[in-house]
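> give me a model of this one.
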Amino acid sequence: QVQLVESGGGLVQAGGSLRLSCAASGRTFRIYTMGWFRQAPGKEREFVAAIRWNGGDTYYADSVKGRFTISRDKITVYLQMNSLKPEDTAVYYCAVNLDSGNYYYASAYDSWGQGTQVTVSS
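Numbers count the residues shown, from 1 in each chain. Presented below is the predicted three-dimensional model:
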C-alpha cells in the first residue's frame, strides 16, 4: 500500500557525514510514522529514529541522539547523519507505520524499503 525507496548510503570516514533519503509512494495518506532502522552483520535490527507524519514529532535512539537528525519534506524523509562512527556501519532501512503509536519496535511497521549500506571506516 505504501512503497519506499531509499538512497544515499555509501562509504565515509569516521567523523564524516551522510544523508539518507526515503521516498514514499502509494497510499501515503495512511502513514502515521516513518522510521529508520539499521542492522549490522550478526546483530538484530535496531531502531534509529522516527518522525510522526503529521505534527513532526521526532524520536531518536540514545546512540544517535545529537548526531543524527530526521526530517520530512512532503513525501520524502531524510536522515542526516553527522559525526559518524565505525559502529554506525550497517544496512539502514526506512519503514512506515500506518496505524499505531508504537515507533520503537520493528514489528509495529507495515512496509519496508530495500535498505542502503552505510560503511564508516576508522
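> may I have the residues that are in contact with the spatially most central residue of the chain?
Per CA atoms, centre = their mean, the C-alpha nearest to the average position across the chain is that of W36, at 2.0 Å. Contacts for W36 (CB atoms under 8 Å, 6 or more residues apart in numbering) come out as L20, C22, V48, A49, A50, I70, V77, L79, Y92, Y93, C94, A95. Backbone N, C-alpha and C define where each C-beta goes, glycine included.
> run through the bridge partners of it.
According to DSSP bridges, the residues that bridge with W36 are A49, C94.
> please identify the buried residues of stretch 70-87?
I70, R72, V77, Y78, L79, M81, L84 (16 or more other CB atoms under 10 Å).
> Q114 sits in which helix or strand?
Following DSSP states H and E, there is no helix or strand that holds Q114.
> who touches the residue nearest to it when sequence neighbours are not counted in this structure?
Among residues not flanking Q114 along the chain, E6 sits closest, at 6.5 Å (CB to CB, 6 or more residues apart in numbering). E6 makes contact with L20, S21, C22, Y92, Y93, C94, G113, Q114, G115, T116, according to CB under 8 Å, 6+ apart.
> which stretches of the chain form strands?
Using DSSP state E, the strands of the chain run over 2-7, 10-13, 18-26, 33-39, 46-52, 58-60, 68-73, 76-81, 90-97, 111-112, 116-121.
> strand partners of the first one, parallel vs antiparallel please.
In this case it means strand 2-7. For strand 2-7, pairing defined by DSSP bridges yields strand 18-26 (antiparallel).
> and if you look at the last one?
Using DSSP bridges, the strands paired with strand 116-121 in its sheet are strand 10-13 (parallel), strand 90-97 (antiparallel).
> name the residues of it that are buried.
Of the residues in strand 116-121, those with enough neighbours to count as buried (16+ other CB under 10 Å) are T116, V118, V120.
> tell me, how many residues neighbour the nearest residue to G115 once chain neighbours are set aside?
Distances taken as CB to CB, 6+ apart place V91 nearest to G115, at 4.4 Å, with adjacent residues excluded. Close neighbours of V91, defined as other CB atoms under 10 Å, add up to 18.
> ends of stretch 13-32, how far apart?
Stretch 13-32 has an end-to-end distance of 34 Å (CA to CA, to the nearest Å).
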